[in-house]
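Q: This is a predicted model, with the sequence first.
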Amino acid sequence: MSVRGSQDSGIVFTLRESREVTYAGVTTRDGMGQWKEIWRIEGEDDLVALRYGEATPGLSTTAGAQGLGKNQLYAFHIEDSNFWGPCVGLVMFVVTEEGTVAECGTEQCIRRVQ
């Protein structure tokens, strides 16, 4: 799974292959250091990519997308359903000073933006 884009052009989460997605959402840490959800869609849809803040024909918004701040750590979570049961994925990212999105998977990156 990967993330790309910017605040201006939109943020897109891309899966390696088409999946039967049942949940997708973004979380961030609040002032107390607790993870809180800032966007959530649920339902069921066969997808290979999702755009932050947008529902799909099969996934309805259950928590509207909030604005993303620069130099803030975010986590995109996704669940899908398959023959073996639910599968969960995660990608961490940050919005840079320039407003572009960068994956943030290393411990060094995570410490820098927390």
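A: Thanks, I have it.

Q: Where does pLDDT dip in the chain?
A: Within the chain, the segments meeting pLDDT under 70 span 83-87, 108, 110-114.

Q: This structure: strands as residue ranges?
A: Shown for the chain, the strands assigned by DSSP state E span residues 2-6, 10-29, 35-51, 59-63, 73-82, 85-95, 101-103.

Q: for the ones you listed, which one sits closest to residue 109?
A: Closest of these to residue 109 is strand 85-95, at 7.1 Å (criterion: CB to CB). No exception for glycine: its C-beta is placed from N, CA and C like everyone else's.

Q: quick one, that closest one and strand 10-29 angle?
A: In this structure, strand 85-95 runs at an angle of 100 degrees to strand 10-29, with axes from the mean of the first three to the mean of the last three CA atoms, to 10 degrees as the basis.

Q: any residues touching strand 85-95, and which ones?
A: Outside strand 85-95, the residues that touch it by CB atoms under 8 Å, 6 or more residues apart in numbering are 1-3, 7, 13, 15, 19, 22, 68-81, 101-105, 109-110, 113.

Q: If we use 6 Å, what do you get?
A: Counting by CB atoms under 6 Å, 6 or more residues apart in numbering, strand 85-95 makes contact with 1, 3, 68, 70, 73-80, 101-105, 113, all of which sit outside it.

Q: buried subset of the residues you listed?
A: With neighbours counted by 16 or more other CB atoms under 10 Å, the contacts of strand 85-95 contain buried members at 3, 68, 73-80, 101, 104, 113.

Q: how close does residue 11 get to residue 39?
A: Residue 11 sits 10 Å away from residue 39 when distances are taken as CB to CB, to the nearest Å.
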